[in-house]
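Novice: Mind folding the following:
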Amino acid sequence: MISEFQIAVPDAEVVALRERLRQTRWPRQLPGDGWDRGVPVDYLQRVAERWAAYEWRVWEARLNGYPQYTTEIDGQRIHFLQVRSPEPDALPLVLTHGWPGSVAEFLDLLGPLTDPAAYGGNPRDAFHVVAPSVPGHGFSLPLQDGWNHGRIARAWAELMSRLGYERYGAQGGDTGSVVSPLLGQLDPEHVVGVHINGGLAFPEVEPGDVQTEVERERLAAAERLRAVGTGYADLQGTRPQTVSYGLSDSPVGQLAWILEKFWEWTDPEHALPERAVDLDHLLTDVSIYWFTNSSATSANLYYENRRAAEDIRPSVPTGVAVFPTDPAIRRVLDRRHHVVHWSEFSRGGHFAALEAPDLLVDDIRAFFRLVR
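Specialist: All right, here's what the predicted structure looks like:
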């Protein structure tokens, strides 16, 4: 059974969020500490002030401008956007977000992907887009039990079958950069190709893999991230419930937890997150986590994945879009994927759908021309 769905956050919750923001008890900070120990207090105060004035209803209406549905798969309520193209021969495409993302990050992709002619593109590049909320994230709640990457991929295969799509593509970043290849591995009879970006996994390098200066820089950046930037994953992967108390009770806590990742993972050319991503769009993502109270359930994915052995070796054609923050090395990915398309970009970052939607859309189109 598939049911229509609309986002409708009660007025009382919007008011309560603003009141909580105004009543924040701010922590002390060492003078002149910058970002080295985390999000600076003065910066977070400015962003929190903006959040208190931000118009959730504008973004709620924008999300509700696209058809949304829920269905139950493997005992779990799954929320998804389904945006059909006006082009009858459009290729179905399932988009998978990650943490701390949501379906809101795809808002700037939906029009160009489904109706390229209206955006100066070729109508033959059109897609019917399905964008599910990952279980435990956004509106795919309540979370009934543990979900890992493989179980999500199996659910997406069932969802696309339930929607009547016999041939489809898969695309994703972050969590989606793992789920999408797994989907291609699990359902190769129906998945025509997989396109990924924004993988954060440390490259499994072997002697001879790193040959260029760019590759050496990427490996060094991955080493730095592993040394100082994975504390969030350790906490969410080992004690997701404990870390969630502060995030569920304090909107500023939830804001800081997510904002730090946008600072660390967006285009390094930009010193602050809002220079890489529209601030209200970013706050929409944070608001979804807050209003759905999904800090614990989204963190649970890290816990489950630590306990799941996944050997990703899909045989379907794969396209890779590499943005400045991606630690991608071609020879490494070639061992695990059937890579037939590889693109590297000089702008954008981990959140490519938000930072460089034009580049991401063009690359998705270019790859799927090879496999349609």
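Novice: And for stretch 345-354, what's in contact with it?
Specialist: Contact with stretch 345-354 is made by 101, 105-106, 108-109, 173-174, 197-198, 200, 262, 265-269, 276-278, 281-282, 321-326, 355-356, 359-360, 363, as judged by C-beta atoms under 8 Å, 6 or more residues apart in numbering. To be clear about C-beta, it is placed using only N, CA and C from the backbone, and glycine gets the same treatment.
Novice: Give me the buried entries from the residues you listed.
Specialist: Among these, those classed as buried by 16 or more other C-beta atoms under 10 Å are 101, 105-106, 108-109, 173-174, 197-198, 200, 262, 265-267, 276-277, 281-282, 321-326, 355-356, 359-360, 363.
Novice: mind listing which of these are in strands?
Specialist: 173, 197, 321-322 (DSSP state E).
Novice: on that earlier part again, quick one: mark the members of the buried ones among the contacts of stretch 345-354 that sit in helices.
Specialist: Mapping the buried ones among the contacts of stretch 345-354 onto helices (DSSP state H) picks out 108-109, 262, 265, 276, 281-282, 355, 359-360, 363.
Novice: Tell me which two in the residues you listed are the farthest apart.
Specialist: Greatest spacing in those, by C-beta to C-beta: 282 and 363 (22.6 Å).
Novice: Just give the number of residues close to residue 48.
Specialist: Residues lying near residue 48 (other C-beta atoms under 10 Å) number 20.
Novice: ok, it - contacts?
Specialist: Counting by C-beta under 8 Å, 6+ apart, residue 48 touches 21, 24, 251-252, 255.
Novice: same thing with residue 111?
Specialist: Contacts of residue 111 by C-beta under 8 Å, 6+ apart are 118-119.
Novice: Am I right that it is in a helix?
Specialist: Yes - with DSSP: H, G, I helix; E, B strand; the rest coil as the criterion, residue 111 is assigned to a helix.
Novice: picking that back up, and which of the ones in helices among the buried ones among the contacts of stretch 345-354 is nearest residue 316?
Specialist: Residue 316 lies nearest to residue 363 out of these, by C-beta to C-beta, at 17.2 Å.
Novice: Would you confirm that the closest one contacts residue 173?
Specialist: No - using C-beta atoms under 8 Å, residue 363 is not in contact with residue 173, being 11.7 Å away.
Novice: Strands of this structure, start to end?
Specialist: 2-5, 68-73, 76-83, 91-96, 127-132, 168-173, 191-197, 317-322, 338-344.
Novice: where's the longest one relative to the chain centroid, distance-wise?
Specialist: In this view, strand 76-83 has its centroid 15 Å away from the chain centroid, taken as C-alpha atoms, centre = their mean, to the nearest Å.
Novice: And stretch 135-145, by the same measure?
Specialist: Relative to its chain's centre, stretch 135-145 lies at 15 Å (C-alpha atoms, centre = their mean).
Novice: Provide the contact partners of that stretch at residue level.
Specialist: 5, 7, 68, 70, 75-79, 97, 99, 101-103, 132-134, 147, 151-152, 155, 288-289, 292, 294, 297-298, 300-301.
Novice: Now with 6 Å, please.
Specialist: For stretch 135-145, the external contacting residues (C-beta atoms under 6 Å, 6 or more residues apart in numbering) are 75-76, 78-79, 102, 133, 147, 288, 292, 294, 297-298, 300.
Novice: among those residues, which two are most distant?
Specialist: The largest separation in those, counting by C-beta to C-beta, is between 75 and 288 at 22.9 Å.
Novice: tilt between the least confident helix or strand in the chain by mean pLDDT and strand 338-344?
Specialist: Across the helices and strands of the chain, the lowest-confidence element by mean pLDDT, DSSP states H and E is helix 213-228, at a mean of 85. In terms of direction (axes from the mean of the first three to the mean of the last three C-alpha atoms, to 10 degrees), helix 213-228 departs from strand 338-344 by 90 degrees.
Novice: other SSEs contacting helix 213-228?
Specialist: Using 3 or more C-beta pairs under 6 Å, 6 or more residues apart in numbering; DSSP states H and E as the contact test, no helix or strand touches helix 213-228.
Novice: List the buried residues in it.
Specialist: Those would be 215, 218-219, 221-222, 225, for helix 213-228 by 16+ other C-beta under 10 Å.
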